[in-house]
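**Q** model the structure of this input:
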Amino acid sequence: MKNKITLIDGAMGTEIRARGCEVPSHHSSIWSAKALMDNPDVVKEIHKDYILAGADIIVTNNYAVTHNLLKRENLEHKLSDLTSLSIDIAKSAKEESGRDIRIAASLPPLDTSYRPDLVGDIESIKEKYREIVNIVKNQVDLIIIETMSSSLEATGALAACEDLDKEVWLGYTLQGVRMNTLPSGEYLMDAIDKIKHFNIAAYLINCSSGNITTEGIKLLSNEVDLPFGGYANPVNVTEIKENKGEDDNVEYLQELHQQDIDANQYCDVVAEWINDGATIVGSCCGTSPEHIKKIYNLINA
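**A** Okay, the predicted model is just below:
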């Protein structure tokens, strides 16, 4: 197990907030990107803590650094500067840690997460993702397209990465209460079928509840030939609907029907994924370096 599992880091935005910094709601602000300007040292310390906890890969803190989100605060002209800063901070954390880890750039949702209705048209999606890709492509080890809520959104992000000579991982979110269903209402495997012609190195499920992610991992284990894995929120959904149909507010529905799980319970969930063949694991919103340390201990036992 030790040589087969790649460990990604955990949450950034909620961990910044947990350390006493202001992190406004992701619905109406630039969220964790604000910390690049106001608390860069905190961002670096969090990166370092994840590295020292055992992460093999850290993801740059550019999740909310997109044209659409920066425009909320009239900062769209800062896209390049803030994206580059997120990379510089990650590199500094790596250097100070003394560990030889990899740095991944995030290609996040262009607008509010879990909102496929805000994605826009395919040409606009491609253009905005290409802008980010052109900034990061020569500065990081790989790219993780994460929290995609529809195959359309994923198609635009993957198209922007077509000419890259480095690994691109694709992460779909199953946020909500429907098993193996994207916020768009698409069935997970249908959404994968629509993008599988792209050069994808791994499939991920992220920013979903633990138990719904587990069901997605089981599906991937039976249906895909590429490496796969996940990084989830430290919650389980207590009421799961059949995997058909689109819900209006998947984030609200998940919050309404979720129950927190602690770091030990989360680690047990990750162990299930590994037993189902996952080779890439980590944690998402609401987790901390403690979660990553426990997973590290699990995979190195």
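**Q** and the end-to-end length of stretch 281-301?
**A** Here the two ends of stretch 281-301 are set 16 Å apart, with distance taken as CA to CA, to the nearest Å.
**Q** buried residues, that stretch. List them.
**A** Within stretch 281-301, the residues that count as buried by 16 or more other CB atoms under 10 Å are 281-296, 298-299. (Glycine included, C-beta is placed from N, CA and C.)
**Q** stretch 80-100 now?
**A** Neighbour-count burial for stretch 80-100 [16+ other CB under 10 Å]: 82-87, 89-94, 97.
**Q** could you do stretch 149-164 as well?
**A** Using 16+ other CB under 10 Å as the test for burial, stretch 149-164 gives 149-161.
**Q** now render the buried residues of stretch 80-100 as TSV, adding secondary structure, pLDDT and distance to residue 213.
**A** Formatted as TSV, the buried residues of stretch 80-100 follow (DSSP: H, G, I helix; E, B strand; the rest coil; pLDDT from 0 to 100; distance: CB to CB, whole Å):
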residue	secondary structure	pLDDT	distance to residue 213
82	helix	98	30
83	helix	98	28
84	helix	98	32
85	helix	98	31
86	helix	98	26
87	helix	99	28
89	helix	99	28
90	helix	99	25
91	helix	99	30
92	helix	99	31
93	helix	99	27
94	helix	99	27
97	helix	98	28
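**Q** returning to what we had before: among the buried residues of stretch 281-301, name the ones in strands.
**A** 281-283 (DSSP state E).
**Q** can you redo those residues as CSV with pLDDT and distance to residue 26?
**A** Listed next are these as CSV, based on pLDDT from 0 to 100; distance: CB to CB, whole Å:
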residue, pLDDT, distance to residue 26
281, 99, 24
282, 99, 19
283, 98, 17
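**Q** out of these, who's nearest residue 143?
**A** Nearest to residue 143, judged by CB to CB, of those is residue 282 at 15.6 Å.
**Q** for that closest one, what are its contacts?
**A** Residues counted as contacts of residue 282 (CB atoms under 8 Å, 6 or more residues apart in numbering) are 7-10, 55, 57, 229-231, 292, 295.
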